[in-house]
Structure formats: C-alpha cells, structure tokens
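Engineer: structure for the following, please:
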Amino acid sequence: MRKFISNCKAQQPPPGNPPPVNPPAGMQQPFGKKSNKGLLIAIIAIVIVVVVVVLAVVLLMGGSDSRFVGEWESMGFTYNFKSDGTLEVMGIEMATWSVSGDQICFEYSIGGEWAELVGEEAPQGKQCEDYEFSDGGNTLTIGGIEFTKK
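Structural biologist: Numbers count the residues shown, from 1 in each chain. Take a look at the predicted model:
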C-alpha cells in the first residue's frame, strides 16, 4: 500500500493562480458573468426609460425658461417674469407664464387693481405668442413688442 500512496500525486495549480471553485452540482453561481451583464442592461434600460418619461412630461407641460426670469422694460412699464411662473407688471400680478416650444404663453388673471387700470381692454384667458431673444439675451421680442433687460 505504501507504494500506491507514493505514486499518487495531486495536481497542483500553477503558482500564482488560485484553484477554481466549482459550485455543487445543480447550483449556479449567483453572480456569474451572464447575470452581471443582464443586470447592467436592465439598469441602463430603466435609466433610459426614466429620462425619456421626464423629458416628455417637461416638454408636454411646458415650463419656465430661465432666460425670461427677471425684470424687463417696455413702453415705460416694468415687467417682472418670476421663476415661479408669475408675471408682475408695475408690481401687480397680472398672469402666469410658461414656455411651450417656440412660444411663450400667458394665462391672464386680471382683476382688482389691473381691471381698474386697463378697463375693458384687459386680456382674458390663455394667449400664446412667438418670442425671440437678441442682443446677447438682453432684448426680448414677444408678439412684435420689444422688451429690454433691466
């Protein structure tokens, strides 16, 4: 029997490489190369879907555009486009505003002081107009009326 033991040599892995670890029969490794790749693809797909949905909602709903925010002057009046989407003229809230594509839309809520100032000519409801920025963003033209950044 001694001769048998001396002739039996276990195979040693090459130096520097650990021996392979194989799971028991019928069990798979939980994080193999295939499962990592599938998980990565699933995460990327979810991120892409979320980004597309958020962009679609923002574009469909319109929203404020920071280029408009601030005080503008036209025909002796000061127009204050606020970041919360309200428009004040001479310190009185006149409308809400939002940008939809290449138009700026105003939802007028004129009453009280404004109704007294402008009378029957007060705009009502929602109105949208084309706009254009020029002079490095210091001039804004809305529906043919020019505004200058203060």
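Engineer: who's in contact with Asp130?
Structural biologist: The contact partners of Asp130, taken as Cβ atoms under 8 Å, 6 or more residues apart in numbering, are 102-103, 142-143. Using the backbone N, CA and C atoms, a C-beta is placed for each residue, glycine as well.
Engineer: who's it bridged to?
Structural biologist: With DSSP bridges as the criterion, the beta-bridge partners of Asp130 are Gln103.
Engineer: ramachandran coordinates for the residue nearest to Thr148 when sequence neighbours are not counted?
Structural biologist: Here the nearest residue to Thr148 in space, its sequence neighbours aside, is Glu73; by Cβ to Cβ, 6 or more residues apart in numbering that works out to 5.2 Å. Backbone torsions for Glu73, taken as degrees, to the nearest 10, come to phi -120, psi 140.
Engineer: for Leu40, same thing?
Structural biologist: phi -60, psi -40.
Engineer: sorry, back to before: how many residues are close by the residue nearest to Thr148?
Structural biologist: Other residues near Glu73 come to 13 when the count uses other Cβ atoms under 10 Å.
Engineer: list the contacts of it.
Structural biologist: The contact partners of Glu73, by Cβ under 8 Å, 6+ apart, come to 79, 147-148, 150.
Engineer: helices - which of the residues you listed land there?
Structural biologist: Helix and strand membership here follows DSSP state H; of the contacts of Glu73, not one is in helices.
Engineer: in the sheet, who's paired with the closest residue in space to Gly125 that isn't next to it in sequence?
Structural biologist: Counting by Cβ to Cβ, 6+ apart, the nearest residue to Gly125 once its immediate chain neighbours are dropped is Tyr108, at 6.4 Å. Beta-bridge partners recorded for Tyr108 (DSSP bridges): Ala95, Gly125.
Engineer: helices of this protein, start to end?
Structural biologist: 2-7, 33-61, 113-118.
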